[in-house]
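Novice: here's my sequence, what's the structure:
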Amino acid sequence: MQTPTDEITFAFDFVDPGSYLVAELLHRWLPGGLEGGAPAVRLLPLELKTPPDPLVSSSDEGWRAMHEALAEAARSMEIPFSPPAFVPWTRKAHELALHAEEKADEAQAVPMHLRLFRARFAEGRDLGRVDVLVKVADEAGLDPAEVRTVLGVDRFDPAVRAARSEALELGIRGVPTLIHGLRRLEGFRTTEELETFLSEGGVRTTEATQRSE
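Specialist: A predicted model of the protein is given here:
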């Protein structure tokens, strides 16, 4: 059994609904939330599509079916779910998340990763637009002028590319993927499956604690 102090690696993309649900549940369940929880969650960006590859089509039958299934799951967990139909590239969103990590002492309580997920899936914003990302950053307490400059010069572009390469080297081919010790969970299907994965790795969640009392 893994000890609760082991790091959890969470490979994700901001346009993936399964990644959104996993992020929300980890934030709910782990003491300290998504960033600063116990155990620590290492957030590993993995873009579904990299520029200039063709974007994911929202009319794709498989993509649409996945969204419908996960929308129902989100409703059952009372997680807001109303994403826009357009599926953008997410490199700039990942760059903003890395910038926010560097400026963590300036941001507000809700982690930037969670803000970006909610911006897309709860508020229906287009995360492919720099002006939208600047607005999200401003709402989080970051300097919007600095954010616009950082995104404009692609400061964190190499880091996003490096994270993708690392994920592929780890054998990760899709999102969401969780790795805890020698165990991994690919995709999101049910809350029970996620909680089992965590509990079998020695991670005690707040939800499990509440049910056992």
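Novice: which helices and strands does the host helix or strand of residue 167 pack with?
Specialist: If you go by DSSP states H and E, residue 167 is part of helix 157-169. Applying 3 or more C-beta pairs under 8 Å, 6 or more residues apart in numbering; DSSP states H and E, one finds that helix 157-169 contacts strand 41-45, helix 91-102. All C-beta spots, glycine's among them, are computed from the backbone N, C-alpha and C.
Novice: could you redo those as a markdown table and give each row mean neighbour count and mean pLDDT?
Specialist: Formatted as a markdown table, the helices and strands packed on helix 157-169 follow (neighbours: other C-beta atoms under 10 Å; pLDDT from 0 to 100):
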| stretch | mean neighbour count | mean pLDDT |
| --- | --- | --- |
| strand 41-45 | 20 | 95 |
| helix 91-102 | 22 | 96 |
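Novice: one step back: starting at the chain centroid, how far to the next helix or strand after the helix holding residue 167?
Specialist: Toward the C-terminus, helix 157-169 is succeeded by strand 177-180 as the next helix or strand (DSSP H and E). The chain centre lies 13 Å from the centre of strand 177-180; the measure is C-alpha atoms, centre = their mean, to the nearest Å.
Novice: now the following helix or strand past strand 177-180: buried residues?
Specialist: For strand 177-180, the succeeding helix or strand toward the C-terminus, using DSSP H and E, is strand 183-186. In terms of neighbour count (16 or more other C-beta atoms under 10 Å), strand 183-186 has its buried residues at 185, 186.
Novice: need the residues that contact strand 183-186.
Specialist: Contacts with strand 183-186, where a contact means C-beta atoms under 8 Å, 6 or more residues apart in numbering, come from 2, 174, 176, 177, 178, 193, 194, 197, 200, 201.
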